[in-house]
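# Sequence plus predicted model, see below.
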Amino acid sequence: MTNDTASISTDDFTRKAVESAIKIGLIFLLLFWCFQIARPFINPLAWGIIIAVALYPAHQSLSAMLGNREKLASGLITAVLLLIILGPCVFLAQILTENVEELTQKFQQGGLVIPTPPEKVSTWPLIGQPLFDFWQLAATNLAASVKQFAPQLKLISQWLFASGASTVLAILQLIVSVIISGTLWVYGKGGHHLALAIGKRIVGTQGEELSVLCTSTIRGVARGVLGVALIQTVLAGIAFFVAGIPAAGILTILCLFIAIVQLPTMILFLPCIIYVFSGHDTLFATGFMVWLLGVGFLDNILKPILMGRGLDLPMIIVFIGAIGGMLFSGIIGLFVGAVVLALGYKLFISWLKDK
């Protein structure tokens, strides 16, 4: 009798274990299936949430000015953001197309003339003599200079083509993200309550605190990235126009793009410095170089300050999270990395204080 009872208990346990395993497997299968379906929209959706959170205070202020008309405020901000994105893109595409066509025609007709380098270029330390020799060759025999670097130019052209394709895709994703953020602003209060409910479901009473922390971190990183990028762009643009560099407007837009994607601005400033040294007196060129070097290093000072302002956690946590996140998963990692590290820090401190 005892053996029969034990056998029934064992069979019942096995049956329940198999049923539980099947249910868990089906849940994971459903989640994986949902993830695969939603995968193409994850990046635009994440960017849409980031934009919505970062600009939600501006949306609320504008809505109050318009008599609490949230949909109108959302539509206006969305339209402005789309103009900010599409305006420079259309302008740059038109200018680049015209420039490429003009250069191609001049090169084919032999009308592309490169001026000879000034003698003082050869006196520059390290790069002076090689730069002077190549510049001189390009000025006297452009075809020979192009053939000399044909393999490198081929690699550069392939990289430019791939970069252009990825840039177009990124712009399209950004446009979709802006439209998503416009939709989220209309349902901002509902989204806030949903975030609070999820936070409380995961960590209980600390859910509201961590939800506020996520929001503040996203806005802090947005200030640190976009704010510093705008400051650098304005200061660099002033220098470009004062120095009379050709296509200063395009260079200013490129500076903004480079600063936002967190590439070193010196990749743009260095050719400009070389150009100014070749065509201006030494005193002016030195002042121009010092100004741009200061602008280039400005983000190292301002970014940590702006990122950590208004947050109840050490500034270094947000800064490390943003930079580490960018290295791990690209530009969106600036926000995701900062939020994840901030949450991890808060949970760790809470665990230490829990008795």
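Arrived safely, thanks for sending. Just so we're clear, the structure is a prediction, and the values are computed from it rather than from any experiment. Numbers count the residues shown, from 1 in each chain.
# name the element I42 belongs to?
Under the assignment given by DSSP states H and E, the secondary-structure element containing I42 is helix 42-65.
# so who does G224 touch?
Remark: with contacts taken as Cβ atoms under 8 Å, 6 or more residues apart in numbering, G224 is in contact with 302-304, 306-307, 318-319, 322. No exception for glycine: its C-beta is placed from N, CA and C like everyone else's.
# List of residues touching the helix holding I42?
When contacts are defined by Cβ under 8 Å, 6+ apart, helix 42-65 is touched by residues 38, 69-70, 72-74, 76-77, 81, 173-174, 176-181, 183-185, 188, 191, 214-215, 218-219, 222, 332, 335-336.
# neighbours around T265, how many?
T265 has 23 neighbours, counted by other Cβ atoms under 10 Å.
# and the gap between it and T217?
Noted for T265: a distance of 25 Å to T217, by Cβ to Cβ, to the nearest Å.
# Then L155?
Distance from L155 to T217, by Cβ to Cβ: 40 Å.
# Quick check on the contacts of helix 42-65: which are buried?
In those, burial by neighbour count holds for 70, 73-74, 76-77, 81, 173-174, 176-178, 180-181, 184-185, 188, 191, 214-215, 218-219, 222, 335-336, counting by 16 or more other Cβ atoms under 10 Å.
# So for L155 and T217, which residue has more residues nearby?
More crowded of L155 and T217, by other Cβ under 10 Å: T217, with 28 against 11.
# host element of that one?
Taking DSSP H and E as the definition, one finds T217 inside helix 207-222.
# What mean pLDDT does that helix get?
Taken as a whole, helix 207-222 has an average pLDDT of 73.
# Next, count neighbours for A248.
By other Cβ under 10 Å, the residues close to A248 number 17.
# The nearest residue to it once chain neighbours are set aside sits in which helix or strand?
In space, and not counting its chain neighbours, A248 is closest to F240: 3.8 Å by Cβ to Cβ, 6 or more residues apart in numbering. Using DSSP H and E, F240 falls within helix 228-243.
# May I see the buried residues of that helix?
Counting neighbours by 16+ other Cβ under 10 Å, the buried set in helix 228-243 is 228-229, 231-233, 235-237, 239-240, 243.
# how far off helix 207-222 does the helix holding I42 point, in degrees?
Interaxial angle, helix 42-65 versus helix 207-222 (axes from the mean of the first three to the mean of the last three Cα atoms, to 10 degrees): 90 degrees.
# Could I get the buried residue list for helix 42-65?
Counting neighbours by 16+ other Cβ under 10 Å, the buried set in helix 42-65 is 43-45, 47-56, 59, 62-63.
# Can you tell me which of the residues you listed is nearest L283?
For these, the residue nearest L283 by Cβ to Cβ is A54; the value is 42.8 Å.
# ok, that closest one to P246 distance?
Shown here: A54 relative to P246, a distance of 35 Å by Cβ to Cβ.
# cool, and A46?
From A46 to P246 the distance is 39 Å (Cβ to Cβ).
# re earlier: tell me the mean pLDDT over the helix holding F240?
Helix 228-243 shows a mean pLDDT of 86 in the predicted model.
# packing partners for it?
Contact here means 3 or more Cβ pairs under 8 Å, 6 or more residues apart in numbering; DSSP states H and E; on that basis helix 228-243 packs against helix 248-260, helix 266-279, helix 282-308.
# let's see it at 6 Å
With contacts defined as 3 or more Cβ pairs under 6 Å, 6 or more residues apart in numbering; DSSP states H and E, the secondary structure elements packing on helix 228-243 are helix 248-260, helix 282-308.
# give me the element the nearest residue to G333 once chain neighbours are set aside is part of.
In space, and not counting its chain neighbours, G333 is closest to G325: 3.3 Å by Cβ to Cβ, 6+ apart. Secondary structure from DSSP H and E places G325 in helix 315-329.
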